[in-house]
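**Q** got a predicted structure plus its sequence, pasted below:
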Amino acid sequence: MPRLFTAIEIPHEVGTTLSGLRGGISGARWIDPENYHVTLRFIGDVDDALGRDIMLMLGQVRRPAFDATLDGVDQFGGHKPRAVFAAVKANPALTELQAEHERLMQRLGLGAEGRNFKPHVTLARLRDASTRQVADYLAARGPYRSPTFHVPRFVLFSSRDSVGGGPYVVEASYPLI
């Protein structure tokens, strides 16, 4: 089975505003707007049986729909930037949804996620990017703020191992109530 992860999708209108942030960093691999998302829980490569169990377990989630906003652009990697992203404004509903996904995956025997949850939309992956270019990019685009958008569902995405992220396929979608 392909690599799996749970996520919330970014609406087309917000993706359009994010795509306006592209450019300005040499060698950046920019994510295609149709692949923008906020990862809730990376699952990884699983066999078909575990994949079915994951799909069934996620169907038990009963959380309310909520609104979200992207607020600010930043980078991962410190002195050796490896990605630029749009941050999701602090949102208890999103944090609780992610925590439930984490608990469910651990209940299925998957190891705990090793990184703290920092909700974001990856805009570009960087390799050998100049820290000066990234700093200039962030200075110009850091104040970005998206329109608030409604989150009516989360999805289970699959992906093939590829360079730059995507294409992602929705394997299942789960409505928020």
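**A** Alright, I've got the coordinates.

**Q** quick one: mean pLDDT for stretch 32-45?
**A** The average of the pLDDT scores along stretch 32-45 is 96.

**Q** and the contacts of it?
**A** Among residues not part of stretch 32-45, those counted as contacts by Cβ atoms under 8 Å, 6 or more residues apart in numbering are 1-10, 12, 14-16, 18-19, 54, 68, 88, 94, 97-98, 101-102, 105, 110, 113, 119-122, 154, 157, 165-168. Just so you know, the C-beta spots here come from the backbone N, C-alpha and C atoms, and that holds for glycine as well.

**Q** go again with 7 Å.
**A** Outside stretch 32-45, the residues that touch it by Cβ atoms under 7 Å, 6 or more residues apart in numbering are 3-10, 15-16, 18-19, 54, 88, 97-98, 101-102, 105, 110, 113, 119-121, 154, 157, 165-168.

**Q** hang on, isn't residue 61 packed against residue 174?
**A** Yes. With the criterion set as Cβ atoms under 7 Å, residue 61 and residue 174 qualify as a contacting pair; they are 5.9 Å apart.

**Q** apart from its chain neighbours, what residue comes closest to the residue positioned nearest the centre of the chain?
**A** With distances taken as Cα atoms, centre = their mean, the chain has residue 38 as the residue nearest its mean C-alpha position (2.5 Å). Nearest residue to residue 38, sequence neighbours excluded (Cβ to Cβ, 6 or more residues apart in numbering): residue 8, at 4.8 Å.
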